[in-house]
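Novice: let me see the structure of the following:
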Amino acid sequence: MEGPTATADTNTLTVGAIASSGAAILHAAAAGIHADHAALARVFMVLAVAQAGAAVLAFTRRDRVACVSLFAVNAAAAAGWLITRFTGIDQIDGLQAAEAPQPADTIAAVLALVAVATAVSCARGRSVAVAPSGVTLSAVIVALALVPGLSDTTSHDHGDHAAGEDHGHAEGVDHGEHHDADHDDAGTPSDDVTTGDDDHHDQHDDHQHDLSDSSEPTDEATDEATDEATGVAAPAGGGTADSGHHEHDGHHIDPDIDPASVWPRPWDPNAPIDFSGVAGVTDEQRARAEQLVVDTLRDLPAFADVSTVGALGYRSIGDASTGFEHYINTAMINDDRFLDPTAPESLVYRVDGADRTLVSAMFIAAETPIDDPTLTDFAGPLMQWHVHDNLCWGLDDAGDPVVKSVLEQPGDACPAGTVNAGGENPMVHVWIAPHECGPFAALEGHGAGQAGVSDGARVDQCDHEHGGHEQHDGHEAATAVPYDPELPIDLGGIDGVTLQQQAFAENLVASTLRDLPRWADPAVAEAAGFRSIGDAATGHEHYIQWDWIDDDVWLDPDQPESLVFRPTGDGGKELVSAMYMLPSDVSLDQVPDWGGELMQWHVHGDLCFTDDPDAPQVAGTKPLGSTCRPPLVDGPIAPMIHVWIVPNECGPFAALDGIAGGQVPDGESVRCDRAHGSH
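Specialist: Sure, this is the predicted structure:
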């Protein structure tokens, strides 16, 4: 039975038709963007045609057929949007993973709901006449709404691949032809890893990603990477990644140069993507690497809100104390996708107190040899895969796997209640935040894992050289004696160090070697008031006697402010270093120059602790100069220095790697005394 809606030529159904037309335009644009993903493009195209067809019916008819058509099509569109915001659609490849709302898909959903509302009114015979001015106003509003929607859809244009697609109803879109690489189980103590490939395109125009929610991974990484600094700018005249040029910043790149000499390059996600000029990299490998970065920049921000990823199956591995926190989704480990930023196996967040900023994906390949051609041939020398075969996993209070400790030597045993797992699963980072060591950079220290090549040949790490002190301003290292706790102490051979400074440093090392072992048993240390700060996941665990920091006893191994332990193969802990701390009212520039260039002091002004009066735990980091956000509290900013009682490649006063190295005096970089380091 047909019911009349309104006798006027235009009524509220006309407004719904206009809204449906606007939604159709957005979905048609999304279909074009996904032209390289045929199935997904067809979904968008069918939806666009259906919404446009329903709009035409509503414009030309005033009967129940038009009402029902407008309702059915747009209700389906709105329902699809809602489902893919929360759970995904398992039956459609590429739509399995839920995704946060984006401007384009949200606008399309709102327009669909407007059409649904007018269709319901029409079907119930309650449409009312709308004056021509009202229809015009509706059209103007829809047109204005299309501007940000289409802008969001197309703002990440990369040549042939219009990468900034509308994600409306396209959550978890499968970007490319995924490899069936037979990746099985992997990962954490349970399972691991996704797999998938990305179709490549040969051109990538300038792109401007709004990464306001992302920031550099370290304080050293630049926020404003210029073309000269990054070395990845497109050639003058708008050349593309396929233009065949082999120059960066005006410097010709010799094709015979080792790739490590020109790669990695500082990475700025706001600069043009251009990985050309690296020796040993084929055009196909370069195109795949560039496309992977394009896709990751576009898709990964859907996981920016850390409070929402738990509902998607991601769980923290408990490594926030390192400055970066990994969230792993074990349910994605056994699928058949490879390097898919819509379903990454792991998300990496930079820790800022209680805040988390998404900075990188960490893709994991399940139970795949690290030298498998599937991995090594994907991007050639541009990309370095690594494993973590020294992690000891246990369960947290919620029953989720977390890293409990790190093994120092292959074959060591994990502590009781933990297992060594995941070492058979290669992984690689793709950064969406600036990184001085390139878009595929590994973390530092234990976070770097183990690669299939030597550390010096890795292309996912920078050659920091710790401030270039390897030869100590030209003084030949051969004149210095490597530090060995079992041999007589000789810290000579360093330019600029006086005999008095050398003697002071040698005496401090000698007294520490003699007296510190009294604290070798953690139980003895705890009985004396030392408390762990909960940083065992870094590979070294600090025990601090908080009452001794602000006393009047300095550099005394009988009363050290902090002890440093590392896990042993039998599940125990080995005392490896003292960490002497001066009172918190002493600044770095007030530390006496006892040991000159031999002794570099540092502070930790970026750590946040739990508010525990007995045993504060490191629970996050903060920007330097700021205050930790409740419930976390600031720790004392006291100058400190390590004195090692075991060999260390950077000498007896070496700092730890990465964030554990702290901050050194202004104008200095963290030193590595390789002249006295163990060889």
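Novice: please make it C-alpha for all contacts and neighbour counts, starting now.
Specialist: Will do.
Novice: contacts for stretch 64-77?
Specialist: 2-4, 13, 16-17, 20, 47, 50-51, 54-55, 57-58, 109, 112-113, 115-117, 119-120, 122-123 (Cα atoms under 8 Å, 6 or more residues apart in numbering).
Novice: do stretch 610-629 as well
Specialist: Under Cα under 8 Å, 6+ apart, the answer for stretch 610-629 is 320-321, 323, 351-354, 531-535, 605-609, 631-634.
Novice: residues of it that come out buried?
Specialist: The neighbour-count criterion (16 or more other Cα atoms under 10 Å) identifies 610-611, 615-622, 627-629 as the buried residues of stretch 610-629.
Novice: got it, and stretch 641-660?
Specialist: Within stretch 641-660, judged by 16+ other Cα under 10 Å, the buried ones are 641-656, 658-660.
Novice: point out where the stretch 551-679 of the chain drops to low pLDDT.
Specialist: Low-confidence segments of the stretch 551-679 of the chain (pLDDT under 70): 678-679.
Novice: and the contacts of stretch 64-77, which of them are buried?
Specialist: By neighbour count, with 16+ other Cα under 10 Å, the contacts of stretch 64-77 hold 13, 16-17, 20, 47, 50-51, 54-55, 57-58, 109, 112-113, 115-117, 119-120, 122-123 as buried.
Novice: chain center to stretch 669-679, what's the gap?
Specialist: Counting by Cα atoms, centre = their mean, to the nearest Å, stretch 669-679 is centred 29 Å from the centre of its parent chain.
Novice: nope, stretch 638-647 is what I meant
Specialist: 30 Å.
Novice: test my guess that residue 512 contacts residue 643.
Specialist: Yes. If you go by Cα atoms under 8 Å, residue 512 and residue 643 touch, sitting 7.2 Å apart.
Novice: rewinding a little: ok, the buried residues of stretch 610-629 vs residue 62, which is closest?
Specialist: residue 629 (59.4 Å; Cα to Cα).
Novice: can you tell me the SS state at the closest one?
Specialist: Following DSSP: H, G, I helix; E, B strand; the rest coil, we place residue 629 in the coil state.
Novice: so how do I select the buried members of the contacts of stretch 610-629 in PyMOL?
Specialist: Only the buried entries of the contacts of stretch 610-629 go into this PyMOL selection, using 16+ other Cα under 10 Å:
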select buried, resi 320+321+323+351+352+353+354+531+532+533+534+535+605+606+607+608+609+632+633+634
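Novice: poorly predicted segments of the stretch 301-450 of the chain, please.
Specialist: Residue ranges of the stretch 301-450 of the chain with pLDDT under 70: 408-411, 445-446.
Novice: quick one, helices of the stretch 51-200 of the chain?
Specialist: For the stretch 51-200 of the chain, helices defined by DSSP state H, counting those that start in this stretch occupy the ranges 64-86, 103-123, 132-154.
Novice: among these, which comes closest to residue 361?
Specialist: Closest among these, using Cα to Cα: helix 64-86, at 20.3 Å.
Novice: can you mark which positions in the closest one are buried?
Specialist: Applying 16+ other Cα under 10 Å to helix 64-86 flags 64, 66-75, 77-78, 80-86 as buried.
Novice: what about that helix, distance to the chain center?
Specialist: 37 Å.
Novice: and the angle for that helix with helix 103-123?
Specialist: 150 degrees (axes from the mean of the first three to the mean of the last three Cα atoms, to 10 degrees).
Novice: of all residues in the protein, which one is nearest the centre?
Specialist: Taking Cα atoms, centre = their mean, the centroid of the chain lies closest to residue 360, which sits 2.2 Å from it.
Novice: helices and strands around the host helix or strand of residue 298, which ones?
Specialist: Residue 298 is part of helix 283-299, with elements assigned from DSSP states H and E. Counting contacts by 3 or more Cα pairs under 8 Å, 6 or more residues apart in numbering; DSSP states H and E, helix 283-299 packs against helix 373-379, strand 427-431.
Novice: would you put the C-alpha positions of it in PDB?
Specialist: In PDB, the C-alpha atoms belonging to helix 283-299 read as follows (Å, rounded to 0.1, in the frame of the first residue of the first chain):
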ATOM      1  CA  ASP A 283      63.600  -0.600  -8.300                       C
ATOM      2  CA  GLU A 284      61.000  -3.100  -7.100                       C
ATOM      3  CA  GLN A 285      62.500  -3.300  -3.600                       C
ATOM      4  CA  ARG A 286      62.600   0.500  -3.300                       C
ATOM      5  CA  ALA A 287      59.000   0.800  -4.500                       C
ATOM      6  CA  ARG A 288      57.800  -1.800  -2.000                       C
ATOM      7  CA  ALA A 289      59.600   0.000   0.800                       C
ATOM      8  CA  GLU A 290      58.200   3.300  -0.100                       C
ATOM      9  CA  GLN A 291      54.700   2.000  -0.500                       C
ATOM     10  CA  LEU A 292      54.900   0.300   2.900                       C
ATOM     11  CA  VAL A 293      55.900   3.600   4.500                       C
ATOM     12  CA  VAL A 294      53.100   5.400   2.600                       C
ATOM     13  CA  ASP A 295      50.500   2.800   3.800                       C
ATOM     14  CA  THR A 296      51.800   2.900   7.400                       C
ATOM     15  CA  LEU A 297      51.700   6.700   7.600                       C
ATOM     16  CA  ARG A 298      48.100   6.500   6.300                       C
ATOM     17  CA  ASP A 299      46.700   3.600   8.200                       C
END
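Novice: got the angle for it vs strand 427-431?
Specialist: 60 degrees.
Novice: and residue 308, how far from residue 343?
Specialist: Note on residue 308: its distance to residue 343, by Cα to Cα, to the nearest Å, is 14 Å.
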